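[1] 3D model of this:
(chains A and B)
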Amino acid sequence: MSVGELILFGIIKFIAIVFGWVMLVATVLTLMERKQSAFMQNRVGPNRAFVFGKKFPLSAFIGHLLSDALKVLVKEDFEPPRANKWLHLLGPGIAVIPAWLLWVVIPFGPGPMPGAEGDHPFLIANLNVGVLFMFAVMSLSVYGATLGAWASNSAYSLLGGLRTAAQMISYEVTLGLNLVGVFMIFGSTRLNDIIWGQGQSAWGIFLQPVGFVLFLVASIAETKRAPFDLPEAESELAAGYFTEYSSMRFAVYSLGEFIGIVAVAAVAVCCFLGGWQIPWVETPVDASGVPIYGWLTVAQIAIFLFKMVIFIWLQMQIRWTLPRFRYDQLMKLGWLYLLPLSLLNLVVTAIIMYAVR
Amino acid sequence: MEFIQIVFWLLAAGAILTSLMVVLPRGRNPLYGALALILSFFFVAGIYVLLVAHTMAILQILVYAGAIMVLFTFVIMLLNLSKRELGEESKNLAQALGVGAVAFIIIKSIIIVDASADSVGGDNLALPKGFGTIESIADQMFHRHLLSFELIAILLLVAVIGAVVLAKRTL
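    As a prediction, this is how the structure comes out:
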């Protein structure tokens, strides 16, 4: 294939995966979130918008999605008079683009075995750097929040933006270090290789239990959800860094956050929960190591989705159970407990691996 | 021109333009300078990709654009200095020296490129297998340059301890 064809093919794949699949999951999450919060607080939750009458299946579901979309589209798009016009406009865009790009390296279906030649149909780009690409992009998502906050020219926004920058930098380190243990065990940073490795030995959650717990904590902090929602703490900062955003710009911000949540859940599933592997089911491969695609592939994609939903649901349970941290507690937890623990986890992993070999 | 060459010239022009934007317009909010610097890191990372140094490109974005520049913007936003507080920049010897240095570098690089352009043939440009991958970089770092790697680690440790001591002077 020529360079032009490669680029065209990549763009088509990217649009199909990100806009056809990820955006859908993210929009579904907004409703799921509200229903879950209502359940935890003994309320009914959203229960008014029906499209085809109450009997029709998924009627409430579609109704709420449509009314949500209509609401953000027709609301007044207000710009604070003393805001920095261009940066205020760019903020949501800078926030949502990294969230899309996270999906470039996530395989949500079986690909060729490590070392085998062949195309991966469920992965946009099979990069050698693998998950490192994702971390590079994730570290950029800070800018959307901080720049938007600064451009709003409001004290609440600025405080939210500063908190975002400090919190995300602190917890990014823990998030990355806990994946290093998985890289060491499976000897690769490509998620595809890691998933094949988990099928041959055991899932990452059994090989790296401490790593999984630390990753879970850091992932909640990284996606800015309670108990780590200080950047947008409603009771202290109005709405934090997007206080001055309304209408579609606000929707783009929250969509970016939801896509980030799905992406982090996907990485957790790939590294700790076996990705698309079904327990006790071997993936059939042909002589060159390329899997034979069939109905089993469909089941594997479905189980990937199922594991992802379970992980997100776990995060939601934690979100609606625990109260918010104080700021000094947040920094203390990150730097004094999580970081040394993840370093210790790495050292122990290295010693065990050296002893086993 | 080949496709890759067009991409290279676009990236190079972008890198130079954004680098100039970091310093040139005076009396502006320093945040714009920081943003231009982030953009220029991206252009340089693009040039790394063209050189098949994928890991370097990702590390460039991860470390510089994603971590160091976040701290820069953090500090700029925290201080949020007004134009009055930034003060007037004085035209003095330092600026003259800066212009002189830029002129010297440009002339020197033109001379070097002119002298070496013909000696680089097409044959010795073939890359070894696995060039630019994480494996090859790790191999260089932990086998060939292990001593310097360890020395850098000690240097960073000293820097961290120094920063803690300075920050906790009232301990």
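[2] The helix or strand where residue A:162 lies and chain B, are they touching?
    If you go by DSSP states H and E, residue A:162 is part of helix A:155-186. Yes: with Cβ under 8 Å from any Cβ of the partner chain as the criterion, chain B is reached by helix A:155-186 at A:158, A:161, A:162, A:165, A:166, A:168, A:169, A:172. All C-beta spots, glycine's among them, are computed from the backbone N, C-alpha and C.
[3] From the rest of the structure, what touches the helix or strand where residue A:330 lies?
    Assigned by DSSP H and E, residue A:330 belongs to helix A:327-332. With Cβ atoms under 8 Å, 6 or more residues apart in numbering or on different chains as the test, helix A:327-332 has contacts from A:163, A:166, A:167, A:170, A:221, A:228, A:230.
[4] Adding pLDDT and distance to residue A:278, write the residues you listed out as a markdown table.
    Below are these laid out as a markdown table (pLDDT from 0 to 100; distance: Cβ to Cβ, whole Å):
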| residue | pLDDT | distance to residue A:278 |
| --- | --- | --- |
| A:163 | 84 | 41 |
| A:166 | 84 | 41 |
| A:167 | 86 | 37 |
| A:170 | 84 | 37 |
| A:221 | 86 | 31 |
| A:228 | 80 | 33 |
| A:230 | 75 | 39 |
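[5] Closest one of those residues to residue B:35?
    residue A:166 (19.3 Å; Cβ to Cβ).
[6] List the contacts of that closest one.
    A:331, B:74.
[7] Give me the number of neighbouring residues for the residue of chain B found nearest chain A.
    Relative to chain A, the nearest point of chain B is residue B:66 (2.7 Å; Cβ to the nearest Cβ). By other Cβ atoms under 10 Å in any protein chain shown, 27 other residues sit near residue B:66.
[8] picking that back up, tell me which residues in the helix holding residue A:330 are buried?
    Under the neighbour-count criterion of 16 or more other Cβ atoms under 10 Å in any protein chain shown, helix A:327-332 has residue A:330 buried.
[9] okay, the closest residue to chain B within chain A: pLDDT?
    Proximity of chain A to chain B (Cβ to the nearest Cβ) peaks at residue A:139, 2.7 Å away. pLDDT recorded at residue A:139 is 84.
[10] Kindly report the same for the one 4 residues further on.
    We have a pLDDT of 86 for residue A:143.
[11] Which secondary structure state is assigned to it?
    Following DSSP: H, G, I helix; E, B strand; the rest coil, residue A:143 is assigned to helix.
[12] For it, grab the count of nearby residues.
    25.
[13] now residue A:161
    Using other Cβ under 10 Å, the number of residues around residue A:161 comes to 30.
[14] And it, how close does it get to residue A:168?
    11 Å (Cβ to Cβ, to the nearest Å).
[15] for residue B:44, same thing?
    Separation of residue B:44 from residue A:168 (Cβ to Cβ) stands at 23 Å.
[16] which residues of the stretch 151-300 of chain A fall in helices?
    Taking DSSP state H, counting those that start in this stretch as the test, the helices found in the stretch 151-300 of chain A are A:155-186, A:191-200, A:204-207, A:209-222, A:234-237, A:247-272, A:295-319.
[17] Residue A:69: which of those is closest?
    helix A:247-272 (8.3 Å).
[18] Return the set of buried residues in the closest one.
    A:248-272.
[19] and if you look at stretch B:69-77?
    Buried residues in stretch B:69-77, counted by 16+ other Cβ under 10 Å: B:69, B:70, B:72, B:73, B:74, B:76, B:77.
[20] Contacts for it next, please.
    Contact partners of stretch B:69-77, identified using Cβ under 8 Å, 6+ apart, comprise A:139, A:142-143, A:146-147, A:149-150, A:158, A:161-162, A:165-166, A:168-169, B:30-31, B:34-35, B:37-38, B:41.
[21] let's see 10 Å
    Under the contact criterion Cβ atoms under 10 Å, 6 or more residues apart in numbering or on different chains, stretch B:69-77 has outside partners A:139-140, A:142-143, A:146-147, A:149-150, A:158, A:161-162, A:164-166, A:168-169, A:172, B:29-35, B:37-38, B:41, B:63.
[22] wait, isn't residue A:221 in contact with residue A:318?
    No: contact criterion Cβ atoms under 10 Å: residue A:221 and residue A:318 do not qualify, at 11.2 Å.
[23] Need the residues touching each of those two.
    Shared contacts of residue A:221 and residue A:318, defined by Cβ under 10 Å, 6+ apart, are found at A:227, A:228.
[24] Quick check on these two: which one has the bigger neighbour count.
    Neighbours were counted for residue A:221 and for residue A:318 using other Cβ under 10 Å; residue A:221 has more, 25 against 16.
[25] tell me the contacts of the more buried one?
    So, once contact is read as Cβ under 10 Å, 6+ apart, residue A:221 ends up touching A:167-168, A:170-172, A:174-175, A:227-230, A:325, A:330, A:333-334, A:338.
[26] again, but for residue A:6
    residue A:125.
[27] Please apply the same query to the one 10 residues further on.
    Taking Cβ under 10 Å, 6+ apart as the contact definition, residue A:16 lies against residue A:124.
[28] repeat that for 6 Å
    Neighbour list for residue A:16: empty [criterion: Cβ atoms under 6 Å, 6 or more residues apart in numbering or on different chains].
[29] Am I right that it sits in a helix?
    Yes: under three-state DSSP, residue A:16 sits within a helix.
[30] Just the pLDDT for it.
    78.
[31] With the one 10 residues further on instead?
    You'll see residue A:26 listed with a pLDDT of 75.
[32] so what's it up against?
    A:255, A:258, A:259, A:262.
[33] burial count for the residue of chain A closest to chain B?
    Counted with other Cβ under 10 Å, residues neighbouring residue A:139 total 22.
[34] Touching, it and residue B:66? I think so.
    Yes: counting by Cβ atoms under 6 Å, residue A:139 touches residue B:66, with 2.7 Å between them.
[35] What residues does chain B have near chain A?
    B:3, B:54, B:55, B:58, B:61, B:62, B:66, B:70, B:74, B:77, B:133 (Cβ under 6 Å from any Cβ of the partner chain).
[36] who touches the third one in this structure?
    With Cβ under 6 Å, 6+ apart as the criterion, the residues that contact residue B:55 are A:129, B:134, B:137.
[37] Give me the lowest-pLDDT entry from the residues you listed.
    pLDDT across these is at its lowest for residue A:129, which sits at 78.
[38] Name the SS class of that one, please.
    coil.
[39] for the closest residue to it other than its chain neighbours, what are its contacts?
    Spatially, and ignoring its direct neighbours in sequence, residue A:129 is nearest to residue B:58 (4.7 Å; Cβ to Cβ, 6 or more residues apart in numbering or on different chains). Contacts of residue B:58 were listed using Cβ under 6 Å, 6+ apart, and they are A:129, A:132, A:133, A:136.
[40] hmm, 10 Å instead?
    The neighbours of residue B:58, taking Cβ under 10 Å, 6+ apart as the test, are A:127-130, A:132-137, B:45, B:48-49, B:66, B:134.
[41] The residue of chain A closest to chain B and residue B:41 touch, don't they?
    No: applying Cβ under 10 Å, one finds residue A:139 not in contact with residue B:41, separated by 11.9 Å.
[42] Give me the common contacts of those two.
    Both residue A:139 and residue B:41 are contacted by B:61, B:63, B:65, B:66, B:69, under the criterion Cβ under 10 Å, 6+ apart.
[43] Any idea how many residues pack against residue 67?
    Just going to use chain A. Neighbour count of residue A:67, defined by other Cβ under 10 Å: 13.
[44] I was after chain B.
    Neighbour tally, residue B:67, other Cβ under 10 Å: 16.
[45] Spatially nearest residue to it, not counting backbone neighbours?
    Nearest residue to residue B:67 in three dimensions, chain neighbours excluded: residue A:139, at 6.1 Å (Cβ to Cβ, 6+ apart).
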